[in-house]
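> Next come a sequence and a model predicted from it.
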Amino acid sequence: MLITTIIYKHKTTQRSIFNHKFFTRLGFNDVLTKCVPDEAELIEAALLDWADRAGLSLVLTTGGTGFSPRDVTPEATKKVIERDAPGLSIAMITKSLEVTPMAMLSRLTSGIRRSTLIINLPGSKKGAEECFNFALPSLSHALDLISDVSSRVDHTHNSMQVHGGHTCGHGKYHSTTKTIGRTKEDFYPVAMRPRQSPYPLLSVHEALQVVMEKIPEQQSTELRNLEDALDRVLGESIIASQPFPPFPASIKDGYAVISSDSSTERDVLAPVTAGESPQSGQCVLIGTVARITTGAPLPGGADAVVMVENTELLASSDDGTVEKKIKILSNVQSGEDVRSVGSDIAKGETVLERGTVLGPSELGLAASVGMERINVFKTPLVAVMSTGNEVVDPGSNLAPGQIYDSNRHVLLAAVRKNGFKGLDIGIAPDTREKLVEKIAAGLEKADVLVTSGGVSMGEKDLLKPVLVKDFSANIHFGRVFMKPGKPTTFATVERNGKLKLIFALPGNPVSSTVTFQLFVLPALRKLAGHPNPSSVTIKAQLKSRVSLDPRPEYQRVVISDWSTVPPTVESTGLQRSSRLLSMRGATGLAVLPPMDEGGKTGMEPGEIIDLILM
Ligand SMILES: Nc1nc2c(c(=O)[nH]1)N[C@H]1C(S)=C(S)[C@@H](COP(=O)(O)OP(=O)(O)OC[C@H]3O[C@@H](n4cnc5c(N)ncnc54)[C@H](O)[C@@H]3O)O[C@H]1N2
Ligand code: MOO
Ligand SMILES: [Mg+2]
């Protein structure tokens, strides 16, 4: 892509920012400059030449935009452009007004001629630089639209779809040569980074909603043996194909009897024990009973069972080993101590609904209706990666400036503890090349990629630009109004025909742990088919006063007293996002409102808060 600057009158401007090196660093592959006298015809001719003959993508003019009679650049520009682009001029003038009221005397004009974007900038070095910076965040997308690069346009639109329509803001410039291994200056020079994050601040609720909406309702299932299905979620309802019990069964050890039989003495027939079927043709008749054990099938003729404790032995065999006659001591009701066919589980009854979490009893139920293998939702594979030049594996010697990587261990353990599969993809230093390599490896295998670090405003915080530029990822949000965890980022990317989720969590150890709990876990649960993927929240009361932060805060607490209603929670101490000790032993996250709500600066002992259980 070629860019042109018409340097009008002021050579100093050219020396400041409009030089070849500056634009090639932004990814433009050539730059032309020209000085034109302040004659409207000459300016118009130069614009036409570069737009129509040379087919340049972007023409910037500097100077000639004020009120003096010789300021004719806007007039020349208006003659050339086919379509007005007033938004660019309005943005530049509005933002300039914050710097100087003189900006109201600016007549900057912007517009499109065929596939060329023409933008007027002021003549002063400072003004031109400032205005160019104001236009910069939208420039890449504007050029994509003008040149109809549909894939990039779609991508940017997707990135903008979250609340407020901000662009990804990293000034994504077209580059024909791939530059690898540099810092954020790959994306834009550090001096030109946005001084405010271009990502809108979403509330935790909004951000969670965005995450959950991206996860399809239907997940794939797989067949598992019962012993491999613990804690999985059932993918298909289980219906009893047989009644249970399949035969009328005794509930007691005793005698199968006819309830209406009033004989005082009964002859004892051959026994029926569990696991046997009654001897063929054996039938209980008036004046007889059959010995029976718990769980054994009731012999024909009998309609009730009398437990052995309610009988008296009247006669036994000559050697005294076999019962011959008994007397029944209790009143007997029909059906007493008998489980009728299907009385525990009827044939055709749904014993387990799709979406049931399979605990021990649920697995037992599946077994009781004869299932050997059952359909369960697949468990997502979660790749976990740390980023940062400073982080090294525990066990290595620390060089100056280095620290041990704790995030990867927390996150992998949290993934596995909650029943999901974790894939350790190690540490990526803060270079574009290494990040691309590791992220690609993670996305290749895993359904979900969780990274920590590199998502805030620093020059080495490369995650967002790498995701956008190298993976065409859609960043759905890049900031959340919460403490800790403000730069939490969520993106999706298509890989091998599947939608992969990317959670780029903040590097501070507490921030990544808390945001994993709030955003990643519910997402993983939904992916694994859980019907209620949200975290469990209960009410609790504060033991001590807490100060409120301007952001809603998720304070780590322990339940110090279960006997109060609701239970009482106590802070785990200093809540700084780097202090992992504040997570030690924490039973939950106390959700504290932001400070400015109702002018409150703190909450008092006994006040009620929501507590997210961990
Ligand atoms: N100018 C601004 N600076 C910062 C902002 C801001 O809004 N404007 N936000 C702050 C907040 S809030 C957070 S949280 C952090 C998030 O930073 P990053 O996600 O970019 O993470 P890093 O810069 O890479 O690291 C931050 C911190 O965490 C340590 N870290 C990183 N990885 C690990 C690991 N695997 N194990 C242990 N510790 C780790 C790292 O050494 C840093 O100390 O940004 C603020 N800045
Ligand atoms: O939000 Mo950051 O996570 O405060 O430290
Ligand atoms: Mg950072």
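Ah, there it is. Just so it is clear, the model here is predicted, and its values are computed rather than measured. Ligands and ions are numbered 1, 2, ... in the order given.
> Residue in the stretch 251-400 of the chain with the shortest distance to ligand 1?
residue 386 (3.6 Å; Cβ to the nearest ligand atom). All C-beta atoms are positioned from the backbone trio N, CA, C, and that covers glycine.
> just the strands in the stretch 301-450 of the chain please.
304-307, 311-316, 323-328, 338-339, 350-352, 373-377, 381-387, 391-392, 403-404, 421-428, 448-452 (DSSP state E, counting those that start in this stretch).
> a markdown table for those, including distance to residue 610, mean pLDDT and mean neighbour count?
Formatted as a markdown table, these follow (distance: least, Cβ to Cβ, whole Å; pLDDT from 0 to 100; neighbours: other Cβ atoms under 10 Å):
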| stretch | distance to residue 610 | mean pLDDT | mean neighbour count |
| --- | --- | --- | --- |
| strand 304-307 | 53 | 98 | 23 |
| strand 311-316 | 61 | 97 | 14 |
| strand 323-328 | 62 | 97 | 17 |
| strand 338-339 | 46 | 98 | 20 |
| strand 350-352 | 32 | 98 | 17 |
| strand 373-377 | 29 | 98 | 20 |
| strand 381-387 | 27 | 98 | 26 |
| strand 391-392 | 33 | 98 | 19 |
| strand 403-404 | 33 | 98 | 12 |
| strand 421-428 | 29 | 98 | 20 |
| strand 448-452 | 25 | 98 | 29 |
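> nearest to ligand 2, of the ones you listed?
So among the strands of the stretch 301-450 of the chain, strand 448-452 is nearest, using Cβ to the nearest ligand atom, at 10.8 Å.
> what does the stretch 401-550 of the chain put close to ligand 1?
403, 405-408, 452-458, 461, 484, 486-487, 506-509, 511 (Cβ under 6 Å from any ligand atom).
> Give me the subset of these that lies in helices.
Judged by DSSP state H, the subset of these located in helices is 407, 408, 509, 511.
> leaving aside the residues next to it on the chain, what's closest to the first one?
In this case it means residue 407. Sequence neighbours aside, residue 452 is the residue nearest to residue 407 in space, at 4.0 Å (criterion: Cβ to Cβ, 6 or more residues apart in numbering).
> Settle this for me: the one you found is touching residue 510, isn't it.
No - in this structure, residue 452 is not within contact of residue 510 by Cβ atoms under 8 Å, at 11.2 Å.
> got the contact list for the closest residue in space to residue 401 that isn't next to it in sequence?
Nearest non-adjacent residue to residue 401, counting by Cβ to Cβ, 6+ apart: residue 390, 5.8 Å away. By Cβ atoms under 8 Å, 6 or more residues apart in numbering, the contact set of residue 390 is 401, 402, 403.
> Would you check how far apart the first one and ligand 2 are?
As defined by Cβ to the nearest ligand atom, to the nearest Å, residue 401 lies at a distance of 20 Å from ligand 2.
> burial of that residue, as a residue count?
For residue 401, the count of nearby residues is 7 (other Cβ atoms under 10 Å).
> And the pLDDT for it?
pLDDT, residue 401: 97.
> what about residue 94, helix or strand, and which?
Residue 94 belongs to helix 86-97 when assigned by DSSP states H and E.
> Tell me the helix or strand right after that helix.
Counting by DSSP H and E, the next helix or strand C-terminal to helix 86-97 is strand 110-113.
> Residue 123 in helix, strand or coil?
coil (DSSP: H, G, I helix; E, B strand; the rest coil).
> Tell me how far the residue in the chain positioned nearest to ligand 1 lies from residue 557.
With Cβ to the nearest ligand atom, the shortest gap between the chain and ligand 1 falls at residue 507, namely 2.5 Å. For residue 507, the distance to residue 557 equals 23 Å [Cβ to Cβ, to the nearest Å].
> Ligand 2 contacts on this structure?
So far as Cβ under 6 Å from any ligand atom goes, the chain lies against ligand 2 at 483, 484, 485, 486, 506, 508, 511, 577.
> check contacts around the first one.
Read that as residue 483. Contact analysis of residue 483 by Cβ under 8 Å, 6+ apart lists 549, 551, 552, 553, 554, 577.
> cool, the third one as well?
If a contact means Cβ under 8 Å, 6+ apart, then residue 485 has 505, 506, 511, 512, 514, 515, 518, 554, 577 as its contacts.
> Mind checking which of those land in strands?
Counting by DSSP state E, the contacts of residue 485 place 505, 554 in strands.
> could I get the contacts of residue 485 as a markdown table with neighbour count and distance to residue 269?
Formatted as a markdown table, those follow (neighbours: other Cβ atoms under 10 Å; distance: Cβ to Cβ, whole Å):
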| residue | neighbour count | distance to residue 269 |
| --- | --- | --- |
| 505 | 28 | 73 |
| 506 | 25 | 78 |
| 511 | 26 | 76 |
| 512 | 32 | 73 |
| 514 | 29 | 71 |
| 515 | 30 | 71 |
| 518 | 22 | 68 |
| 554 | 24 | 71 |
| 577 | 19 | 78 |
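> For residue 216, state which of the contacts of residue 485 is nearest.
The shortest approach to residue 216 among these belongs to residue 518, at 21.1 Å (Cβ to Cβ).
> For that closest one, which non-adjacent residue is spatially closest?
Per Cβ to Cβ, 6+ apart, closest to residue 518 is residue 204, 6.4 Å.
> Surely that neighbour and residue 479 touch.
No - in this structure, residue 204 is not within contact of residue 479 by Cβ under 8 Å, at 11.4 Å.
> Please identify which of the contacts of residue 483 is nearest to residue 303.
Nearest to residue 303 among the contacts of residue 483, counting by Cβ to Cβ, is residue 554 at 63.4 Å.
> Say whether ligand 3 is contacted by stretch 574-593.
No - Stretch 574-593 stays clear of ligand 3 (Cβ under 5 Å from the ion), getting no nearer than 11.7 Å.
> and that stretch, which residues are buried?
For stretch 574-593, a neighbour-count test (16 or more other Cβ atoms under 10 Å) marks 575, 577, 579-580, 582-583, 586-593 as buried.
> For that stretch, give me every contacting residue.
406, 410, 483-485, 506, 508-511, 513-514, 517-518, 537, 540, 542, 546, 548-549, 552-559, 569, 571-573, 600, 603, 609-614.
> Please produce a PyMOL select command covering the buried subset of the residues of the stretch 401-550 of the chain next to ligand 1.
Applying 16+ other Cβ under 10 Å to those leaves a buried subset, and the PyMOL line that selects it is:
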select buried, resi 405+406+407+408+452+453+454+455+456+461+484+486+487+506+507+508+509+511
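> which is the next helix or strand following the worst-scoring helix or strand of the chain on mean pLDDT?
Least confident helix or strand of the chain, by mean pLDDT, DSSP states H and E, is helix 150-160 with a mean of 44. As assigned by DSSP H and E, the chain's next helix or strand after helix 150-160 is helix 204-214.
> now the helix holding residue 94, how far from the centre of its chain.
How far helix 86-97 lies from its chain's middle: 37 Å, per Cα atoms, centre = their mean, to the nearest Å.
> Please consider this matter closed, and thank you.
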